[in-house]
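Engineer: have a look at this fold, sequence not included:
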């Protein structure tokens, strides 16, 4: 019976954060530190003819101005982060990674052209304005469908077209399935771009100490270890000469995972060149151009069903917007493909993916990472089928769910980990039943809805399901140490951006070593503490690092018991480990504290036995065979004001199944935050580009992140289907809140406006867009 | 005159005298001149609220004020609210309700709530949400923040 | 997003401020609350060479009634102060209703009445409200002063009659006419955002319950404050019932405005919102006027 895992324990890290005593990157201050700013392109697509930085260099307080030319041979594109999947046949992939500074051609608005280093950020920005740049604008590629027209301008001129990649995946035989179907529904579905919008913008401080030949970098990265390894390689240093610290980070959500941003290479580079610490903090305006974005896709999708609503197959041709470069490979669209079959048993599947270059900021995963798009497609198709066949939306889902006995379920396509997609475990019906019960689905359909509509109110209900692949490898590691103080020190490679690792990971250790979580000190995101691992992304931190910590704690527990058995002269089975003490059961006088035991394990005299190690410490790794598949259902009731198109969410219900829950308080927080982001994605947030590739809403005043009045109270229910893939039985949950929300909104809005017979096939929406859609429907009548 | 300006102000009860460039934003002054890094900068255009501090007891956006303008005034930042050993009841309520995740927006929210709770000792959920509608949070979805405020209002005026 | 350098002055009297404006004129910007100017300076969209800080001039901040039953405010009076002032509630209840709808409490702590007026954002509530309340603005320079009616003060987007050497020092509102009703309604995506569309109305009923005065001011539908004159005219002599109200709302939406489309709202959607909000605002305003005994 778990004592600490699964408990709603308050967070260890909160007092520091609440009193302003937690270090974020911009809080780092080093004597002699200089400040950087970038000259960025105003044009989305242009030839760079010349740069004249002489006035900038002469400005008092300016230390250096660097262009691509100034970098000489050290100017190199890339490195790419994720290569294309080797396991899929006939993949076409044109790798075009990002560049540190524009050399001859600008490919997106905001691309950095020059780096300025000065005594202050204020002076650096003054100097940026001194630089004279001659840019020859070109026609921009913005619309992803037009990007593939034969006469479209080329983002990368060494290619024949703007096709970045082409990949086909299939399962079974969709064409045959279609021929046998009673109903085939085909629609075009369009999903547009959004930003992660973390409250903290990116930032880097690099400090090259020439005397010790050591580089220290503070970086708002979700992946400090790969950054360290990459920097060492690029700078010609050994890995031990580089320390990367990801301190407290003000929200990650994906884009802080991208590597290498130009700034991540340039700031350490210039620090080494100048022999001085250099700081670069992204401002919010820059963030809209220089930090990655996501979600643009266009699907031509089709679903084939029997008249009972059984899905025979799904097919979709889709375009994915990569932006100007593609260092992140096919991760996002592979996730989309992995989720277009949803939680359903779809025996036949065909997917033709084309990734397209455009003159926009690059796309890399943002919370959901391609899964929301896949779920939007399947849930919409299913809803349209339900309407056409006269089947209730809950019923049609029940009829198609993967059966609990069918797990592990083979999807027979390749996923983002380049492995065949397998859904490990699940039990879907009870989750949907619970969600329907919590929102009062039957009562709403039969009584409440009709009654309110008779009063003239436009209320609607929505309920959708989704899967989420989580907890992918390759691996993470952890070291657990009992210190002489009796406190436990844990180190792991993943970073933390608010997910409560300091607490949930402490719980995992406390469970094994009989201490309170306040006695567990966790070091994350510092390569000098732990240097093997990947990073925090793809809802994998708790699953992969958590299990590594668990494995490590188990070994330490064994060591503790073995040594205590010797010291207390009692068999291990008779020992109790509680409150930091080892006790012989029923003999309270025979005890020793963990701290004392740790001292004994590290003697100053005597000999450590051969084949053993000093101390009470262990390092262990965990690499899951494949990712665990979580599942959930979201439901909501909303009301539309048909005069103003303003939407109010009346109730919002989530039932999630992410296996074993480490800390329900933290889990609920993740779900609330994910739903809030999903609401933003569904109804408020859209990056608007004009035909010249100019971003029209590059500020928080015009890019609408939901505030407290736009997010409802969210009721959360839980089901627990343990994953067989790891000892803790846990699955990831970081992105779950976000994934189904657009599909949910679409269903509920259609339900609220039945007279219009709306078909919502796009995301995001807004009251303005809703008005336009209804006007179109009026005109059709 | 294009030189430095003398400012004389009080921050968290302590008096400071400095010479500053007039264009130095108050947010940068607090963070980098006085090393009070608890106040965070999220947007520098007055929307996100992360930089909220109290000026003579009133909540303001420190990114929309120049440090020179604070001459002769009293400022309170999150560092003046409580310490790790002795949290202010409002801060303690945030721990209890899990009202923060990454913690970046949190100091600004605390400083917004302090005067709000003084003039609204018993707010309901809608009032709380409206009061913090000028503080963006990307992590929590706001629910646990609302719960924290309810707990705090009980503690501060039972 | 750091501002460009500037010369800074912090005058402590109106005369000193006017003398600085006379000297620096075109190169200078007056700094009031800073809630609109400083973001623009941080974006470097505004780069004044000289900044004249008005925040240390106590004479510019006041709220007082005048003998006629009207109201006068100093240009540097903070929104937060106006928001809680009983004289405002009594003599200009439309302004009192407007204040909590302006941005957020943090912005209102610093933002000023005169600053908002001088900035002349077509989405600013106080701009439309001062026009329909027939506000009078006092513009002072070193050489003299003039009173300009609100209607004439706003020339275009962010453009007013203020000359480079002039300072808005005072705003006066006449007393309300008998049996006044008022309302301000806005639609915004989030409570503190600029309104997609806003409608401010003032109406008056005579002893026979007929409308003898109507003013309808609109936000966010043009380059400056827009008055729905034809809609207002159509209300004169009418009873405050749903038919004339609906008709007026229709006229406001179709004849009185020529809104443009932007990323937040299309022209068509704006017209729809004008129609709906005008109707709702008139309903509330007439209800209030009716409740005042003849």
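Structural biologist: Perfect, thanks for sending it. Being a predicted model, the structure only gives us computed values, none of them experimental. Numbers count the residues shown, from 1 in each chain, chains lettered A, B, ... in the order given.
Engineer: make it CA atoms for all contacts and neighbour counts henceforth
Structural biologist: Noted.
Engineer: check what pLDDT the closest residue to residue C:293 other than its chain neighbours gets.
Structural biologist: Leaving out its chain neighbours, the residue that sits closest to residue C:293 by Cα to Cα, 6 or more residues apart in numbering or on different chains is residue C:179, at 7.6 Å. The predicted local confidence for residue C:179 comes out at a pLDDT of 96.
Engineer: so what's the residue count around residue C:179?
Structural biologist: For residue C:179, the count of nearby residues is 20 (other Cα atoms under 10 Å in any protein chain shown).
Engineer: wait, doesn't it sit right on residue C:286?
Structural biologist: No: applying Cα atoms under 8 Å as the test, residue C:179 and residue C:286 come out as separate, 9.5 Å apart.
Engineer: common neighbours of those two, please.
Structural biologist: Both residue C:179 and residue C:286 are contacted by C:204-205, under the criterion Cα atoms under 8 Å, 6 or more residues apart in numbering or on different chains.
Engineer: which strand residues bridge residue C:167?
Structural biologist: Beta-bridge pairing of residue C:167 under DSSP bridges involves residue C:140.
Engineer: give me the pLDDT value at residue 59.
Structural biologist: You didn't say which chain, so I picked chain A. Reading off the per-residue confidence, residue A:59 sits at a pLDDT of 98.
Engineer: try chain C instead
Structural biologist: According to the predicted model, the pLDDT of residue C:59 comes to 97.
Engineer: a helix runs through it, doesn't it?
Structural biologist: Yes: assessed with DSSP: H, G, I helix; E, B strand; the rest coil, residue C:59 lies in a helix.
Engineer: buried set for stretch A:46-61?
Structural biologist: For stretch A:46-61, the buried set under the neighbour-count rule, 16 or more other Cα atoms under 10 Å in any protein chain shown, comprises A:46-48, A:53, A:56-57, A:61.
Engineer: and if you look at stretch B:95-106?
Structural biologist: Applying a neighbour-count criterion of 16+ other Cα under 10 Å, one finds B:95-106 buried in stretch B:95-106.
Engineer: distance to chain C for the residues you listed - can I get that in TSV?
Structural biologist: As requested, the buried residues of stretch B:95-106 are exported to TSV (distance: Cα to the nearest Cα, whole Å):
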residue	distance to chain C
B:95	25
B:96	27
B:97	25
B:98	25
B:99	21
B:100	21
B:101	23
B:102	23
B:103	20
B:104	18
B:105	15
B:106	15
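Engineer: contacting chain A as well, which ones from those?
Structural biologist: Taking Cα under 8 Å from any Cα of the partner chain, the overlap between the buried residues of stretch B:95-106 and the neighbourhood of chain A is B:95-98, B:100-106.
Engineer: tell me where the chain is predicted with low confidence.
Structural biologist: Just so you know, I chose chain A. Scanning chain A with the threshold set as pLDDT under 70 gives A:1, A:85-88.
Engineer: I was thinking of chain B, sorry if that wasn't clear
Structural biologist: Confidence mapping of chain B against pLDDT under 70 gives the ranges B:1-2.
Engineer: tell me the domain boundaries of it?
Structural biologist: In terms of domains, chain B is parsed into B:5-80, B:89-156 (source: automatic domain parsing).
Engineer: how far out from the middle of the chain is the longest one?
Structural biologist: Just to be clear, that refers to domain B:5-80. Taking the mean of its C-alpha atoms, domain B:5-80 sits 10 Å from the chain's own mean (Cα atoms, centre = their mean, to the nearest Å).
Engineer: redo the domains of chain B as JSON lines? Include distance to residue A:428.
Structural biologist: Below are those laid out as JSON lines (distance: least, Cα to Cα, whole Å):
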{"stretch": "domain B:5-80", "distance to residue A:428": "39"}
{"stretch": "domain B:89-156", "distance to residue A:428": "26"}
